[in-house]
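Undergrad: Got a sequence here, can you model it:
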Amino acid sequence: MTYPALRTWIGGVAEESPESDGTWLHDPNTGERLAASASSTLDQVDRAVAAAQEAHDDARWRSLAPERRAEKLIALADWLDERAEEIARLDALNSGVPISITRLFGGANGGTLRDAARRAVEVGDVRDLPSTQGGVRLHRVPWGPTALILPWNAPSAMAVKKTAFALAAGATVVLKPSSFSPWSAQLLLEGVHAAGIPDGVVGLVQGSGGIGRALVADERIAAISMTGSTPTGRAIAATAAPRFARLQLELGSNNAAIVRADADLEAAAKALTDGVLKLSGQWCEAPRRVLVDRERRDELAALLIAEFGRRVIGSSLDDATEVGPVAFAARRDELAAQRDRLADAGAEVLSVSQTPAQGWFFAPTVAVLDGPGLADEVFGPMLLVGGYADEDEAVALANTGQVGLAGYVFGADEEAAAALGTRLVAGEVKVNGTSVLDMSPESAQSFFGASGLGGHGDADVLDFFVGKQVVGSDRPGLPL
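TA: Modelled structure (predicted):
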């Protein structure tokens, strides 16, 4: 198959990305080189932000009624629908996520845009507020040029979600995809151009950390939405703080699962396996640590490794694959180092044996060790199982370390399990399940603890891109 050229998009024009650090994009299934990496220049970053600033200042996008913006977003949705299979294959190569899953993402991108368009029309840009004197209105005003810093684990889904809601809100944006997974963003920009979204409203820069640092450091960037690692998030927050740029940061979390005494261990093991191996283990809300009654710890560990062994491990491009490789060699190597550190700390390490020899495969692993586990996030197909004496200890362990995104509780008494879930430091706690999707159409989830700033939920995401401004006639005769 052919791969999209890594262009830089500025003012509606695709330019060459002329910089190179000598690195390559690889097939994670084999380690084969696929295409040379390419990077924008610092001058291109400057011009991309300038184009976004100009488009914000002259209001070529935000001055359109929400209904008109929605028409363009729906046109983009239709364009992406026609390329869903191509996007799925590119995402499977860029991330190592099985194509059966990337097809779900690719097929849902159009729906994401339509949902954002519908919500923006429902909310509107201006509404009248109750007032005795009349003429008081609430305006939703985009902050200004917004940087969208994208992760590598769900390339098209994250690029489309952030872009859809930013555009629905009337914001102008500059995207910076991960250098490990840049292809979906290229197609998205082609679609933006084809859909007739005005030039300069959406820009794209390519490259690794240096390009991202230049983008978020630009004084004209008024808001930053980023999904990625905690160290990167901390660096962005430090850079943005002096100018008070608005931040939405979804970072790492070693999400804990508590298995109560009344839980069905076999059912819990199956659900936990489903959760930790989704997206080849590369899912920010996956269960990472399991806490179970100490007397049943080894029993649960045996059930888990047996479940791991039943999953089909293979190429991310194979329809039958359930667990693919991780996205790049450094990700595999870091997981191996974390596994070895757990072993050095006394963990019993259980791994499946049927992992392909070539490519960036990491054998799905269960590490058995009491205590809080590693301080750094484990981002891959590895699960720590530890014991607890009582539920107070389980909660204390679950809330230790880098937490805040998600939590899980398993138990036959679902009301009691849910009550236990309210004690976890997590924005979303699921009982007896580990699905990726929200539990309700109105779900909203804040990033607690060190897991970031802001939150999930369509209303929250749309609100991030705008400030609220009240304009109207003052109330007469007020005493103060």
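Undergrad: Can you give me the distance of S40 to T8?
TA: 4 Å (CB to CB, to the nearest Å). (Each C-beta comes from the backbone N, C-alpha and C, glycine too.)
Undergrad: who does the helix or strand G309 falls within touch, helix- and strand-wise?
TA: Following DSSP states H and E, the helix or strand that holds G309 is helix 297-310. Using 3 or more CB pairs under 8 Å, 6 or more residues apart in numbering; DSSP states H and E, the elements in contact with helix 297-310 are helix 265-277, strand 289-293, strand 348-351, strand 365-368, strand 382-388.
Undergrad: partners of the helix or strand of the chain with the lowest mean pLDDT, with directions?
TA: Scoring the helices and strands of the chain by mean pLDDT, DSSP states H and E places strand 455-456 at the bottom, with a mean of 90. Its sheet considered, strand 455-456 pairs with strand 445-446 (antiparallel) by DSSP bridges.
Undergrad: now the partner strand: how far from the chain's centre is it?
TA: Relative to its chain's centre, strand 445-446 lies at 13 Å (CA atoms, centre = their mean, to the nearest Å).
Undergrad: now the helix or strand following that strand: mean pLDDT?
TA: Later in the chain than strand 445-446, the nearest helix or strand by DSSP H and E is strand 452-453. Mean per-residue pLDDT for strand 452-453: 95.
Undergrad: Contacts for strand 452-453 next, please.
TA: G233, A237, L247, Q248, L249, E250, L251, G404, L405, F447 (CB atoms under 8 Å, 6 or more residues apart in numbering).
Undergrad: Just the C-alphas of the strand or helix carrying the fifth one, formatted as CSV.
TA: When you say that, I think you mean L249. For L249, the host element (DSSP H and E) is strand 246-250. Listed next in CSV are the C-alpha coordinates belonging to strand 246-250 (Å, rounded to 0.1, in the frame of the first residue of the first chain):
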residue,chain,number,x,y,z
ARG,A,246,-6.0,27.2,28.6
LEU,A,247,-5.1,23.5,29.1
GLN,A,248,-6.9,20.2,28.6
LEU,A,249,-4.4,17.4,29.4
GLU,A,250,-5.2,13.7,29.4
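Undergrad: List the neighbouring strands of that strand plus their orientation.
TA: Strand pairing for strand 246-250, determined by DSSP bridges: strand 223-227 (parallel), strand 452-453 (antiparallel).
Undergrad: Need these in JSON lines (columns: mean neighbour count and distance to V471).
TA: Formatted as JSON lines, the strands paired with strand 246-250 follow (neighbours: other CB atoms under 10 Å; distance: least, CB to CB, whole Å):
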{"stretch": "strand 223-227", "mean neighbour count": "24", "distance to V471": "21"}
{"stretch": "strand 452-453", "mean neighbour count": "22", "distance to V471": "28"}
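Undergrad: What distance do you get for the residue nearest to T146 when sequence neighbours are not counted to V45?
TA: Using CB to CB, 6 or more residues apart in numbering and skipping the chain neighbours, the partner closest in space to T146 is A223 (4.3 Å). Counting by CB to CB, the gap from A223 to V45 is 17 Å.
Undergrad: Low-confidence stretches in the stretch 51-200 of the chain?
TA: Across the stretch 51-200 of the chain, not a single residue meets the criterion (pLDDT under 70).
Undergrad: all helices of it, in order?
TA: 66-81, 84-95, 99-123, 155-169, 183-194 (DSSP state H, counting those that start in this stretch).
Undergrad: Would you mind telling me which of the ones you listed is nearest E219?
TA: helix 155-169 (19.4 Å; CB to CB).
Undergrad: Does that closest one pack against any helices or strands, and if so which?
TA: Looks like helix 155-169 contacts helix 66-81, helix 84-95, helix 99-123, strand 146-149, strand 173-176, helix 183-194, strand 223-227, helix 458-464 (3+ CB pairs under 8 Å, 6+ apart).
Undergrad: mind listing what the residue nearest the centre of the chain touches?
TA: By CA atoms, centre = their mean, the chain has its centre lying nearest to T227, at 5.0 Å. Applying CB under 8 Å, 6+ apart to T227 gives the contacts I149, L150, P151, M158, K162, L249, E250, C284.
Undergrad: Please verify my assumption that the third one contacts M158.
TA: Yes - here P151 reaches M158: they are 5.6 Å apart, a contact under CB atoms under 8 Å.
Undergrad: quick one, which of the two is more surrounded?
TA: M158 (26 against 23; other CB atoms under 10 Å).
Undergrad: Now do the same contact list for the more buried one.
TA: Residues in contact with M158 (CB under 8 Å, 6+ apart) are L150, P151, T227.
Undergrad: still on that earlier bit, export the helices and strands packed on helix 155-169 to a markdown table and append columns for distance to T434.
TA: Listed next are those as a markdown table, based on distance: least, CB to CB, whole Å:
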| stretch | distance to T434 |
| --- | --- |
| helix 66-81 | 28 |
| helix 84-95 | 19 |
| helix 99-123 | 14 |
| strand 146-149 | 27 |
| strand 173-176 | 30 |
| helix 183-194 | 25 |
| strand 223-227 | 20 |
| helix 458-464 | 22 |
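Undergrad: hmm, back to that, which parts of the helix holding G309 are buried?
TA: Across helix 297-310, burial judged by 16 or more other CB atoms under 10 Å covers R297, L300, A301, A302, L303, L304, I305, E307, F308.
Undergrad: and if you look at stretch 272-288?
TA: 272-288.
Undergrad: can you check stretch 421-440 too?
TA: The neighbour-count check on stretch 421-440 (16+ other CB under 10 Å) flags G421, R423, L424, V425, A426, G427, E428, V429, K430, V431, N432, T434 as buried.
Undergrad: How far off centre is that stretch?
TA: Centroid separation for stretch 421-440 versus its chain: 16 Å, with CA atoms, centre = their mean.
Undergrad: I'd like the average pLDDT over that stretch.
TA: Averaged across stretch 421-440, pLDDT comes to 95.
Undergrad: what do you get for stretch 353-360?
TA: For stretch 353-360, mean pLDDT is 92.
Undergrad: Go ahead and name everything in contact with it.
TA: 26-31, 96, 309, 313-315, 325-329, 331-332, 361-364.
Undergrad: Try it again at 6 Å.
TA: If you take CB atoms under 6 Å, 6 or more residues apart in numbering as the criterion, stretch 353-360 is touched by P28, N29, T30, G31, I313, P325, V326, A329, R332, F361, A363.
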